[in-house]
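Output the structure for:
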Amino acid sequence: MSTPEPVPVIAVDGPAASGKGTIAERVAAVLGYHYLDSGALYRLVALEALRTGTDLDAPGPLAALARGLDATFAGGRLTLDGKDVTDAVRVEAVSAAASRIAVHAPVRSALLERQRAFRRRPGLVADGRDMGTVVFPDAAVKVFVTASAEERARRRHRQLAKSGIDVNIQRLLRDIHERDARDGARAVAPLAAAADAVVVDTTELTIDAAVAAVLARVRAAGLAA
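Predicted coordinates:
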């Protein structure tokens, strides 16, 4: 009997506000692939930790929360314990908490199999910070999306302004620098481009141009016509 071909994965990694999520989601739509926003899993754990008063520096209790999450992903919406939390996980406090808990090895281990379970035919586009290095090291295509910290702060500021949230852009820039440092220095799965990843700098690119660049790489790998 022949061995079935593995389900293809396109791993899209990068720092906060680099555009990786939007790019990955659009690429998935074009290809008809499933989409994994791995950061949403960490934000769900962070939201639950904040709700329950769980210490963000306590790996054991946080890992227990991660293993017990009653969460669903459907139609672009997230639910936790049956309640829609799509908007709740995007607030700055939850994002900052997610970055803090992501440094804990037990939390990452607890979420690893959940992430890998998204790998289903016809294929998967997964975005995060360690998709190509840890979660899917055999990904057929690996892309590392980046942009200058200043541009990422401006994007985040515009995003929050559209939601009616007034945040000082210098504070956002400081938060981005701190998050980059924390993500890059953590002992487990630090933020870094995989050795075989293609780097796409979106500082001066439109989303359409960035998506086209990724799709060109996908075609070069023989995954799309």
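
Tabulate the CA atom coordinates of the lowest-mean-pLDDT helix or strand in the chain in CSV.
Within the chain, no helix or strand scores below strand 71-74, which has a mean of 84 by mean pLDDT, DSSP states H and E. The C-alpha coordinates for strand 71-74 follow below in CSV (Å, rounded to 0.1, in the frame of the first residue of the first chain):
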residue,chain,number,x,y,z
ALA,A,71,-13.6,26.7,23.1
THR,A,72,-14.9,26.5,19.5
PHE,A,73,-13.9,28.2,16.3
ALA,A,74,-16.6,28.6,13.7
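
Now do it: which elements does it pack against?
helix 38-52, strand 77-80 (3 or more CB pairs under 8 Å, 6 or more residues apart in numbering; DSSP states H and E). In short, each C-beta sits where N, CA and C put it, glycine included.

Relative to Arg121, which of those is closest?
Across the helices and strands packed on strand 71-74, Arg121 has its closest neighbour in helix 38-52 (19.4 Å, CB to CB).

returning to that earlier point: ok, residues contacting the least confident helix or strand of the chain?
37, 40-41, 44, 78-80 (CB atoms under 8 Å, 6 or more residues apart in numbering).

same thing but 7 Å
If you take CB atoms under 7 Å, 6 or more residues apart in numbering as the criterion, strand 71-74 is touched by 44, 78-80.

about what we covered before: what's the least confident stretch among the helices and strands packed on strand 71-74?
If you rank the helices and strands packed on strand 71-74 by mean pLDDT, strand 77-80 sits at the bottom with a mean of 90.

Pull the number of nearby residues for the closest residue to Asp57 other than its chain neighbours.
Closest residue in space to Asp57, ignoring its immediate chain neighbours: Arg100 at 7.4 Å, by CB to CB, 6 or more residues apart in numbering. When neighbours are counted by other CB atoms under 10 Å, Arg100 registers 16.

would Arg100 count as being in a helix?
Yes: under DSSP: H, G, I helix; E, B strand; the rest coil, Arg100 falls within a helix.

Just give the nearest non-adjacent residue to the residue positioned nearest the centre of the chain, would you?
By CA atoms, centre = their mean, the mean C-alpha position of the chain lies nearest to Gly128, the distance being 2.8 Å. Nearest non-adjacent residue to Gly128, counting by CB to CB, 6+ apart: Ser38, 3.4 Å away.
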